[in-house]
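**Q** Quick one, what's the 3D model for this:
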Amino acid sequence: MYLTKLSVYDNNDYASFVVLGDAGHELTGKKASELVESYYEANEGAGDGHVVPVSQALIDTIGQTRTFVIKISNHNLEGKTQALTVTKVLSLEVPALGCDLDDSFVVPPTAVTLEIGNREEGSSVVNEEHADEGVKRGFDMIVSEDTKRAKCG
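**A** Numbers count the residues shown, from 1 in each chain. As a prediction, this is how the structure comes out:
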């Protein structure tokens, strides 16, 4: 099972994401068990003071542009560690939003800006009335509070 924290940077800002479960496999192309096994093979006999190298599968993600499906809740924005939970990583070949997403939608890489008043507990729905203009421009669509499914087509 994956639990990885990523810091994602663009030209203007950065955001922290927590990648869980299958999303880690989608990001790296490797199962968590494969990464752990290769880590133990590479570091067999290393002492307590040994510096742990980052897995090559994670290093290979540096410089890639990916689209994340995220879930936002109070826990993500009010906890000691503020990060967005990645529930799915779309492949590099899939630029468009799929229609099979329930309570989430894709946030384009340029629109990872959040305001406390622009979220609904437990979902990734943006309130159109209060959304920042820069965020609105980044979205291909805005989903209203009463609609929780992404509109396709």
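
**Q** ok, and for the helix of greatest length in the chain, which residues are buried?
**A** Across the chain, the longest stretch assigned as helix under DSSP state H is helix 32-42. Neighbour counts over helix 32-42 (16 or more other C-beta atoms under 10 Å) mark Ala32, Leu35 as buried. C-beta coordinates here come from the backbone N, C-alpha and C atoms, glycine included.

**Q** do the same with stretch 76-83
**A** For stretch 76-83, by 16+ other C-beta under 10 Å, it's Asn76, Ala83.

**Q** Pull that stretch out as PDB, backbone CA atoms only.
**A** Taking C-alpha atoms only, stretch 76-83 is exported to PDB below (Å, rounded to 0.1, in the frame of the first residue of the first chain):
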ATOM      1  CA  ASN A  76      -6.600  18.200   4.300                       C
ATOM      2  CA  LEU A  77      -6.600  21.900   5.000                       C
ATOM      3  CA  GLU A  78      -6.800  22.300   8.800                       C
ATOM      4  CA  GLY A  79      -4.400  19.600  10.000                       C
ATOM      5  CA  LYS A  80      -0.800  20.000  11.100                       C
ATOM      6  CA  THR A  81       0.300  18.800   7.600                       C
ATOM      7  CA  GLN A  82      -1.800  20.500   4.900                       C
ATOM      8  CA  ALA A  83      -1.900  18.400   1.800                       C
END
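
**Q** pLDDT averaged over that stretch, what's the number?
**A** For stretch 76-83, mean pLDDT is 74.

**Q** Can you name the element that comes right after the longest helix of the chain?
**A** helix 56-59 (DSSP states H and E).

**Q** what's that following helix in contact with?
**A** The contact list for helix 56-59 (C-beta atoms under 8 Å, 6 or more residues apart in numbering) reads Thr4, Thr28, Gly29, Lys30, Leu35.
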